[in-house]
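Chemist: Okay, predicted coordinates and the sequence, questions at the end:
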Amino acid sequence: MKSYDLLIIGGGTGGYVAAIKGAQLGLSVGLIERDKVGGACLHKGCIPTKALIQSTHVYELFKKSKEFGIATKGVTADFSEFHKRKQSIVNRLFGGVEHLLKKNNVDLLKGTGQIVSPGKVQVKDGSKTKEEVSAKNIIIATGSSPVIFKGLPHDKENVLTSDDILEMKEIPSSLLIIGGGSVGIEFAYIYNALGCEVTVIEVMDEILPTSDKDVGSALKRSLSKKGIKFLTQTELAHIEIKENSVETTVKKNDGETETLQSEKVLLAMGRKPEMEDSGLETLNLEFNGRFIDVDENMQTSQSGIYAIGDITGPPLLAHVASAQGLFVAHNIAGVDYPPINDNTIPKVTYTNPQVACVGMTQEEAELADYDLKVARFPFISNGKAQTIGEEEGFIKVITDKPSGEILGVHLIGHEVGELIGGMSLAMNLEATNLEVSANIFPHPTISEVFSEVFHMIEGKAIHI
C-alpha cells in the first residue's frame, strides 16, 4: 500500500495547487483525480468562458473600428473558430498542469477517491477498486457542479447548464437565462454580442445581487443598451420543452405569471458541492448546510482531514480554492503562512464592461454602522480610457471616516479585473485612503483612477 504525507482528492485549482506546494515543501504527495487535472475552472468554467469572451470582445472592437480611423468590411464571427481557440488554450494549460505535477514529483492517481476510514482511501474505477492508499493528512477538494433543481427538464440540448452551453457550437436565435449572477451575465454578454436575443431572469431586485448596488445597476443599464432584456424580481415557475422551442413560465413579484418562448434555456442558478462516491458519509463530518464545515485552518471535524474550495461554501471562486490549498499545504508542512483575509478576496465578472470588487458593499458597511466616506470617479475623466475608447464606468470607494481604513472598492469599466488585485493587496497591507492617494501611478494608465478617487475622499480629485 502506498503511503503519503498528504493525499488530495480532486485535482482542480485548489487540489493541484495544494499538491504542488506540498511537494515543494518536502511532503510526499498523492493526488487523486477521476477526470482531468485543472478541474471545472480549466475545463468547464473560468478559462473556456474567458476565451469565448475575449473573442467576442475582439469582434466588438472590429465592429467599431471606424472610431479609430480603421475601415473594415464584412466583419463576421465564426463561432466554430471561437471554440477551436478556446479548446487550444484549455489543452495547452492542461498539459502545463500535468507537466508541473510530474516536475514536482506528485503521484497522479487516476480514478475516484473514496475515503473508507480516516487515513485510508480507495482509488476506484466505477465499482472496481484499483488500489488502496494511506495518508497522514487528507485534503478533500472535489469542487462543485451546476445546480439543477428537481423537476426541471435538463436535456443538455434545449435546457442547458454552464457545462453544456460551452459545448454548443451554434448561436441560437434566442436564449433565456435563469439567474443574473456572474455566470449567467457572462453568457448573456457573449450571446447578445453575437446576435442572439437574450433575456435574463433574476429573482432579486438587481443583477449581480451580491455586488454593490450602484455597480450592479450600472451594468444592467449598460447591457440593456446593448439589447439584453432583464426581468428582475421574477422567479422560475415551470419549463416545458416543445417541438421547436422551450416554454418557460415565470412568476413576477406582483404574483402575475408570464410564459416566455426561446430556442434555448440556460440554467445559471448557482453551484452545489460535488460529493458523489467520495465516502464522506463514513466520516461523520459536520456540515454547514450543503457544505463541509471547516475551522480557521480548513480542517474538518475529523483530525487530519481538511477541505478546501467550493465544497466548503461561498465564495465559490477558483482563486479562493488555490489560496486555501496553499494555506493548508504550508500548515501541514509546519511552515508559517498568512491566514486568508475573507474581506480582501477580489471578485470579477468578465462582461464588457467588466465588474470588479473587493471588500464591503456600501450597503454592508452601512449595516455594520461605520461612519462612511464614499467617492466615485468616472472613467470618462481618465486620459487612458479616452485613448482606448473605453470611457464607460466608474470606480467607487468606501472608507471609514475616522481611521481612513479602506472598506470596499468597486469598479465597472474596461478590464477592471486587472486592477482589483492592487486594491486587494492595499487592503491586506492596511493602507489608508491617504496613502493610496499619495502613491504615484504611471501616466497615462487606467490605474490613475485610484489616485483620483482617493483624492476625492481626502478632499477633491484633480481631474474632475
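Modeler: Cool, got the structure.

Chemist: which SS class is the nearest residue to E296 once chain neighbours are set aside?
Modeler: In this structure, E296 finds its nearest non-sequential neighbour in P339, 6.9 Å apart by C-beta to C-beta, 6 or more residues apart in numbering. Yep, even glycine has a C-beta here, placed from its N, CA and C like the rest. Of the three states, P339 takes coil according to DSSP: H, G, I helix; E, B strand; the rest coil.

Chemist: Helices along the chain, start to end?
Modeler: Using DSSP state H, the helices of the chain run over 13-24, 39-44, 46-63, 79-103, 162-165, 182-193, 213-225, 318-333, 362-367, 383-387, 417-428, 433-438, 448-458.

Chemist: Could you export these as JSON lines, including distance to I395 and mean neighbour count?
Modeler: What follows is those, written out as JSON lines (distance: least, C-beta to C-beta, whole Å; neighbours: other C-beta atoms under 10 Å):
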{"stretch": "helix 13-24", "distance to I395": "28", "mean neighbour count": "27"}
{"stretch": "helix 39-44", "distance to I395": "27", "mean neighbour count": "24"}
{"stretch": "helix 46-63", "distance to I395": "21", "mean neighbour count": "18"}
{"stretch": "helix 79-103", "distance to I395": "30", "mean neighbour count": "14"}
{"stretch": "helix 162-165", "distance to I395": "29", "mean neighbour count": "19"}
{"stretch": "helix 182-193", "distance to I395": "19", "mean neighbour count": "24"}
{"stretch": "helix 213-225", "distance to I395": "10", "mean neighbour count": "18"}
{"stretch": "helix 318-333", "distance to I395": "21", "mean neighbour count": "22"}
{"stretch": "helix 362-367", "distance to I395": "13", "mean neighbour count": "15"}
{"stretch": "helix 383-387", "distance to I395": "11", "mean neighbour count": "15"}
{"stretch": "helix 417-428", "distance to I395": "8", "mean neighbour count": "18"}
{"stretch": "helix 433-438", "distance to I395": "11", "mean neighbour count": "18"}
{"stretch": "helix 448-458", "distance to I395": "5", "mean neighbour count": "22"}
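
Chemist: Kindly reformat those helices as CSV containing distance to T129 and mean pLDDT.
Modeler: What follows is the helices of the chain, written out as CSV (distance: least, C-beta to C-beta, whole Å; pLDDT from 0 to 100):
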stretch, distance to T129, mean pLDDT
helix 13-24, 21, 98
helix 39-44, 23, 96
helix 46-63, 33, 96
helix 79-103, 23, 98
helix 162-165, 28, 97
helix 182-193, 36, 98
helix 213-225, 49, 97
helix 318-333, 26, 98
helix 362-367, 48, 97
helix 383-387, 59, 97
helix 417-428, 44, 97
helix 433-438, 56, 94
helix 448-458, 55, 95
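
Chemist: Looking at those helices, which is nearest to E33?
Modeler: helix 13-24 (7.4 Å; C-beta to C-beta).

Chemist: Give me the helices and strands touching that closest one, please.
Modeler: Applying 3 or more C-beta pairs under 8 Å, 6 or more residues apart in numbering; DSSP states H and E, we find helix 13-24 packed against strand 2-9, strand 29-33, helix 39-44, helix 79-103, strand 128-140, helix 318-333.

Chemist: sorry, back to before: indicate which one of the helices of the chain is closest to H154.
Modeler: Nearest of these (C-beta to C-beta): helix 162-165, 8.2 Å.

Chemist: Having no further points to raise, I will conclude here.
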